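**Student:** predicted coordinates and the sequence they were generated for:
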Amino acid sequence: MSPILPGAPWLVAHRSMLGTNQPYKISLNGKDYVLWQNSQGEVFALNNVCPHMQAPLSDGWVCQERNTITCPFHALEFDGQGRLHQAGKVGAQPLIAPLELVIRGDCIWTYGGMDAKIPVPDLIERVSQGMTFVGVAGEKSIQGPFLHNLLINYDYNHQNGTHRELFGIKANRIPVFEKEGYWAKVVQELDRNDPTFADICRNPVILSAPKTYTSTLEYAFPAMTTFKTRFALGEILQVHVLYPETETRTKAFVLAFAKFNHPILKPLFKRSMLSAVATVVEQDARSIETLYPRQAAKIRLPNEEIMVHAEKLYREW
């Protein structure tokens, strides 16, 4: 396939998703790779295909003693440079192409072997200052093109339908929309319905949410959307990440951060937050996967200029 947005930086994983000495498979622009992290925190990535008989290396295991990935078919070992380790010897030349990575803190980025067109953004580092990493939620391969997945993050009306039961939104205002290059910022004001008893039983933390709350969303096109808001229990940050696995499949996951006013509530807050995030991703995925083929819209809703801006960046890349 032709790469989608060649030269864009893609956030493909957080260190917590890799674990230690465990193979982790990613697909990016139609190619499969295997990543692993050793006990020293070094991260490596190779083409996922063993050069012997084309077995997927991600189905194998990591040899801690030699820091190699082992093929599941014939137990052949390859280091992070793609060189074969055999009978105590190391091959002089790589047999597997490594994937170049850019590590920023706990975030693992790549250009997928393409020349960089724009730099890796510093958005996560900037908006998460003073906050605690809570976890990863909503990791999912969505059957839908990257553009469809991208646009739903810029669609400020779909929560009125897609997420109506989850958040109980009755009014939505966008008093601020700023953009500069591949960065954009939106301030959103949401009015909520009173929670029902069933809502409270399902998610007790909802009691801490104000009737009207303000959230700030920032975008680092094309990979990332950050959502930040404040509740009585503290402040939360969600980093929604997308990258194209194939022409028709898109990977999504969300990094969650929080700042707790009362640390004793952290376990409840964490569980509730990650559960809500996972539900949002599932609902968005279902909306995308059930769409009929796209046609020109015959109806225009408020605030769609934000979505039009994102599609313009995509088309003019």
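**Tutor:** Looks like it came in fine. Keep in mind that what you see is a predicted model, and the values were worked out from it rather than measured.
**Student:** if I pick the spatially most central residue of the chain, what's in contact with it?
**Tutor:** Closest residue to the average C-alpha location of the chain: residue 241 at 2.4 Å, with Cα atoms, centre = their mean. For residue 241, the contacting residues are 11, 223-224, 252-255, by Cβ atoms under 8 Å, 6 or more residues apart in numbering. C-beta coordinates here come from the backbone N, C-alpha and C atoms, glycine included.
**Student:** which is the next helix or strand following the helix or strand encompassing residue 174?
**Tutor:** With elements taken from DSSP states H and E, the one containing residue 174 is strand 169-180. Using DSSP H and E, the helix or strand that follows strand 169-180 towards the C-terminus is strand 183-192.
**Student:** so which bits of that following strand are buried?
**Tutor:** 184, 186, 188, 190, 192 (16 or more other Cβ atoms under 10 Å).
**Student:** reformat these as a markdown table; add distance to residue 124 and pLDDT.
**Tutor:** Converted to a markdown table, the buried residues of strand 183-192 look like this (distance: Cβ to Cβ, whole Å; pLDDT from 0 to 100):
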| residue | distance to residue 124 | pLDDT |
| --- | --- | --- |
| 184 | 16 | 97 |
| 186 | 17 | 96 |
| 188 | 20 | 92 |
| 190 | 23 | 82 |
| 192 | 27 | 75 |
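**Student:** of those, closest to residue 159?
**Tutor:** Closest approach between the buried residues of strand 183-192 and residue 159, by Cβ to Cβ: residue 190, at 8.0 Å.
**Student:** list the beta-bridge partners for that closest one.
**Tutor:** Per DSSP bridges, the residues bridged to residue 190 are residue 172, residue 213.
**Student:** list the contacts for it?
**Tutor:** Counting by Cβ under 8 Å, 6+ apart, residue 190 touches 167, 169, 171-173, 212-215.
**Student:** that older thread, which of the contacts of residue 241 fall within strands?
**Tutor:** Counting by DSSP state E, the part of these found in strands is 11, 224, 252-255.
**Student:** quick check: of these, which has the highest neighbour count?
**Tutor:** residue 255 (26 neighbours; other Cβ atoms under 10 Å).
**Student:** now the residue nearest to it when sequence neighbours are not counted: which helix or strand?
**Tutor:** Leaving aside its chain neighbours, residue 255 sits nearest to residue 239 (4.1 Å; criterion: Cβ to Cβ, 6 or more residues apart in numbering). Per DSSP H and E: residue 239 is located in strand 234-244.
**Student:** quick one: mean pLDDT for that strand?
**Tutor:** The average pLDDT within strand 234-244 is 95.
**Student:** just the CA atoms of it, as CSV, please.
**Tutor:** What follows is strand 234-244 as a C-alpha-only set of coordinates in CSV (Å, rounded to 0.1, in the frame of the first residue of the first chain):
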residue,chain,number,x,y,z
GLY,A,234,-8.9,16.4,40.6
GLU,A,235,-7.8,16.9,37.0
ILE,A,236,-7.8,14.4,34.2
LEU,A,237,-5.9,14.2,30.9
GLN,A,238,-6.6,11.8,28.0
VAL,A,239,-4.3,11.4,25.1
HIS,A,240,-6.1,9.8,22.2
VAL,A,241,-3.7,8.3,19.7
LEU,A,242,-4.3,7.0,16.2
TYR,A,243,-2.1,5.5,13.5
PRO,A,244,-2.8,3.7,10.2
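**Student:** sheet-wise, list the partners of it with their directions.
**Tutor:** Sheet pairing of strand 234-244 (DSSP bridges) gives strand 224-231 (antiparallel), strand 249-260 (antiparallel).
**Student:** as a markdown table, those strands with mean pLDDT would be great.
**Tutor:** As requested, the strands paired with strand 234-244 are exported to a markdown table (pLDDT from 0 to 100):
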| stretch | mean pLDDT |
| --- | --- |
| strand 224-231 | 92 |
| strand 249-260 | 95 |
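**Student:** just these: most buried one?
**Tutor:** Mean neighbour count (mean count of other Cβ atoms under 10 Å) peaks for strand 249-260 among these, with a mean of 21.
**Student:** next secondary structure after that one?
**Tutor:** Remark: after strand 249-260, the chain's next helix or strand is helix 266-289, criterion DSSP H and E.
**Student:** which strands or helices does that next one pack on?
**Tutor:** strand 132-143, helix 146-152, helix 164-167, strand 234-244, strand 249-260 (3 or more Cβ pairs under 8 Å, 6 or more residues apart in numbering; DSSP states H and E).
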